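Peer 1: A predicted structure for the sequence below; I have some questions about it.
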Amino acid sequence: MAIQGALSIARSGLIATGDAMSVTGHNIANVNTVGFKSSRSEFAEVLSSSGGGSGGGLGVKMRGTNTSFTAGSIESTGRSTDMAVEGRGFFVLRDGNGVVYSRAGDFKRNEDSQLVNSSGLVVQGYALDDNGNAVGGLTDIDFSTTGSQPTATTALELTSNLSADAAVVAGGFDGTDFDSAYASSSFTTTVRAFDTLGRAQTMTLFFTKTGANSWDVNVGVDAAATGGTPGELDILGTVALTFNGTGALTAPVPTDITLTFDGAEAQTILLDFGTPSAAVGDGLGLDGVVQTGGATTLTIDQNGFPAGQLKDLRVDAQGVVTGVFDNGQSRALYRVALAGFPAPDGLENVGGGVYRETLSSGAATVGGAGDGGLGKVVASALERSNVELAQEFVDLISLQRSFQANARMVTTADSLLADLIQIVR
């Protein structure tokens with residue numbers, strides 16, 4: 001009976017509209033979900049057919065949903081492990097069944113020092129060598145064994161002014177012990193150097209004026225540092241400095257001293273006082289230690305450092321993750337991997353902002369940020385949901401009207417059936 005058919009058609013409209021309202025509600029609920037991609041309901045009419053001919057309509061069904069992979073807005077967060085993709089690429093993650101893909105870059109370091117997403121899936125990338133070149137294939141981004149190895153001091157660079165007004169020390173420098181060394185010095189300073197084990201060692205530089213334009217620099221340490229008696233002075237080397245009448249350094253050229261700290265290997269340290277001048281007015285002899293009137297200022301830079309632990313991370317637009325260590329050093333560690341698909345609409349949504357490759361999506365093309373049009377990484381930022389609330393509310397109103405119309409159709413058909421029953425009486 002046609003009236004019963006109308007009831008069935010209205011029922012299909014109510015079911016399809018209800019399913020579509022669930023999709024719209026899901027979009028609205030995830031308006032603040034990082035990297036969320038909204039979906040659109042797609043409907044199809046249902047027709048009856050018998051034999052080779054076509055019958056009448058049987059109503060409607062929701063054919064499925066279509067995910068919109070348009071980019072959401074990118075918002076700065078200030079967190080060093082947050083990332084966003086500006087472009088078509090997806091982050092590559094590892095789960096128990098292989099690799100999956102996501103646009104959500106709210107990453108963190110877990111208890112095992114791996115870089116993971118909010119669901120604990122490990123971010124994938126390429127390990128980098130000391131020259132910043134990729135080594136091997138796709139791997140977990142894991143900082144559990146990451147550290148900064150110590151580097152022994154190999155150079156001391158002095159940029160100082162020795163006061164031309166300083167008095168000449170009668171008898172010169174006396175390095176018998178620390179007391180006599182301080183007493184026979186015009187100025188002293190200390191510098192912290194590092195041995196081959198990465199241990200800090202305090203070196204004392206004793207500056208003694210020996211003539212009108214000449215100085216001796218004696219480098220000493222506590223003898224305990226070199227395996228001797230604690231408290232005694234061990235002089236490691238002596239360098240003579242000379243200046244011309246303009247205060248420019250005339251000697252020496254950079255000079256090496258060789259020493260062995262207790263328990264460490266022998267090391268050579270270059271003492272760089274600047275480039276000496278060969279003639280007055282040649283412009284040299286002024287880039288390091290000079291002798292002019294006024295106060296003495298002593299500044300020493302050294303190039304060693306101790307072992308360091310990972311303190312922070314920095315990420316650049318190419319997805320290169322640089323480790324910042326607590327010894328002041330930094331090193332490129334990994335490059336974040338991105339993946340692209342011929343038809344991202346065909347990806348399977350497995351929940352949590354994560355997608356899996358399918359035959360419909362095509363095979364993933366995996367590379368680094370900036371490769372093959374995959375896009376670049378925006379550091380310390382997240383991609384917001386691409387849900388357009390205004391459009392969702394418009395769709396919701398339209399679905400509400402559709403639901404109401406189908407409900408009215410049910411009540412109308414029910415009224416007609418009631419009238420028909422009354423005729424029988």
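Peer 2: That came through fine.
Peer 1: So the protein: which segments form each domain?
Peer 2: The chain is divided into the following domains under automatic domain parsing: 2-70+386-424, 75-146+309-382, 155-302.
Peer 1: Including mean pLDDT and mean neighbour count, could those domains go into CSV?
Peer 2: Quick note: C-beta positions are derived from backbone N, CA and C, even for glycine. CSV is the format used below for those (pLDDT from 0 to 100; neighbours: other C-beta atoms under 10 Å):
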stretch, mean pLDDT, mean neighbour count
domain 2-70+386-424, 84, 15
domain 75-146+309-382, 95, 18
domain 155-302, 96, 17
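Peer 1: hey, where'd the strands end up in the stretch 151-300 of the chain?
Peer 2: 155-158, 161-163, 187-194, 200-211, 214-222, 233-243, 249-251, 255-260, 266-272, 290-292, 300-302 (DSSP state E, counting those that start in this stretch).
Peer 1: Show residues contacting the following helix or strand past the last one.
Peer 2: On the C-terminal side of strand 300-302, the nearest following helix or strand under DSSP states H and E is strand 308-315. The set of residues that contact strand 308-315 without belonging to it, under C-beta atoms under 8 Å, 6 or more residues apart in numbering, is 80-81, 83, 113, 143, 146-148, 321-330, 336, 377, 379-380.
Peer 1: Recalculate using a threshold of 6 Å.
Peer 2: Contact partners of strand 308-315, identified using C-beta atoms under 6 Å, 6 or more residues apart in numbering, comprise 80, 143, 146, 148, 321-327, 329, 379.
Peer 1: and stretch 153-164, how far from the chain's centre?
Peer 2: 37 Å (C-alpha atoms, centre = their mean, to the nearest Å).
Peer 1: Send me that stretch as PDB with only the CA atoms.
Peer 2: Provided in PDB are the C-alpha atoms of stretch 153-164 (Å, rounded to 0.1, in the frame of the first residue of the first chain):
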ATOM      1  CA  THR A 153      90.300  22.500  25.900                       C
ATOM      2  CA  THR A 154      92.600  23.000  23.000                       C
ATOM      3  CA  ALA A 155      92.900  26.800  23.000                       C
ATOM      4  CA  LEU A 156      92.800  29.800  25.300                       C
ATOM      5  CA  GLU A 157      92.100  33.100  23.500                       C
ATOM      6  CA  LEU A 158      93.000  36.200  25.400                       C
ATOM      7  CA  THR A 159      91.600  39.700  24.600                       C
ATOM      8  CA  SER A 160      93.000  41.900  27.300                       C
ATOM      9  CA  ASN A 161      94.600  45.200  28.200                       C
ATOM     10  CA  LEU A 162      97.700  45.200  30.300                       C
ATOM     11  CA  SER A 163      98.200  48.500  32.000                       C
ATOM     12  CA  ALA A 164     101.200  50.400  30.700                       C
END
